[in-house]
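Asker: Kindly return the folded structure for what I paste below:
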Amino acid sequence: MPGQAYSLRNAAASEREFLWNLHESAMRDYVEGIYGWDDADQRRRFDDNFRLEAIQIIEVDGKPVGMWEVLKGNDSWFLARVALLTPYQNAGIGSALIGALLADANESRRVVFLQVLKTNPAKALYERLGFAVFEETETHFKMKKEPDRSS
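Answerer: Numbers count the residues shown, from 1 in each chain. Here you go, the predicted model:
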């Protein structure tokens with residue numbers, strides 16, 4: 001599926017269970033590797049951090065295949081989540097989405113931040129796209145991508 005065409009749309013409240021199931025399928029192994037997976041605790045965390053207004057659904061051929069959440073502040077942007085169903089991972093969708101976000105951030109002169117669990121191999125993707133680790137916790141790498149100085 002390289003170069004898979006995708007579209008974005010705002011998430012609807014009725015998609016909450018899809019989003020929870022996507023979160024669980026995308027993150028369970030990584031969370032389990034650090035904290036252990038506790039369904040009740042993870043569901044509470046998901047619900048506590050559920051910001052419908054910031055979530056977009058990623059679609060391929062009109063079918064929801066993922067989601068992402070970007071929080072845009074005045075001085076910086078935070079890539080809070082990006083998740084794709086397994087068959088759509090490594091198909092260039094995440095790279096294209098994040099690349100477009102970084103182009104917009106660069107044009108707007110904004111820094112983009114994210115954090116990634118140390119067990120998540122997505123760190124390599126983020127590094128390939130220009131993010132660098134600026135801080136490390138016991139469980140996460142905190143990364144950022146500054147706007148290009150030449151722009």
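Asker: contacts for stretch 28-41?
Answerer: Residues from elsewhere that reach stretch 28-41 (CB atoms under 8 Å, 6 or more residues apart in numbering): 42, 117-120, 139. All C-beta atoms are positioned from the backbone trio N, CA, C, and that covers glycine.
Asker: so how far is it from its chain's centroid?
Answerer: Taking CA atoms, centre = their mean, to the nearest Å, the mean C-alpha location of stretch 28-41 is offset from the chain mean by 18 Å.
Asker: buried ones in it?
Answerer: By neighbour count, and taking 16 or more other CB atoms under 10 Å as the criterion, the buried residues in stretch 28-41 are 30-31.
Asker: okay, the longest helix seen in the chain in PDB with CA atoms only?
Answerer: Under DSSP state H, the helix in the chain containing the largest number of residues is helix 16-34. What follows is helix 16-34 as a C-alpha-only set of coordinates in PDB (Å, rounded to 0.1, in the frame of the first residue of the first chain):
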ATOM      1  CA  ARG A  16     -15.600   7.100  20.600                       C
ATOM      2  CA  GLU A  17     -15.600   3.200  20.700                       C
ATOM      3  CA  PHE A  18     -13.800   3.000  17.300                       C
ATOM      4  CA  LEU A  19     -11.200   5.500  18.700                       C
ATOM      5  CA  TRP A  20     -10.800   3.500  21.900                       C
ATOM      6  CA  ASN A  21     -10.400   0.200  20.000                       C
ATOM      7  CA  LEU A  22      -7.900   1.900  17.700                       C
ATOM      8  CA  HIS A  23      -5.900   3.200  20.700                       C
ATOM      9  CA  GLU A  24      -5.900  -0.200  22.300                       C
ATOM     10  CA  SER A  25      -4.800  -2.000  19.100                       C
ATOM     11  CA  ALA A  26      -2.100   0.600  18.300                       C
ATOM     12  CA  MET A  27      -0.700   1.100  21.800                       C
ATOM     13  CA  ARG A  28      -1.300  -2.000  23.900                       C
ATOM     14  CA  ASP A  29       2.000  -3.800  23.200                       C
ATOM     15  CA  TYR A  30       4.000  -0.600  23.900                       C
ATOM     16  CA  VAL A  31       2.200   0.300  27.100                       C
ATOM     17  CA  GLU A  32       2.300  -3.300  28.300                       C
ATOM     18  CA  GLY A  33       6.100  -3.300  27.800                       C
ATOM     19  CA  ILE A  34       6.500  -0.300  30.200                       C
END
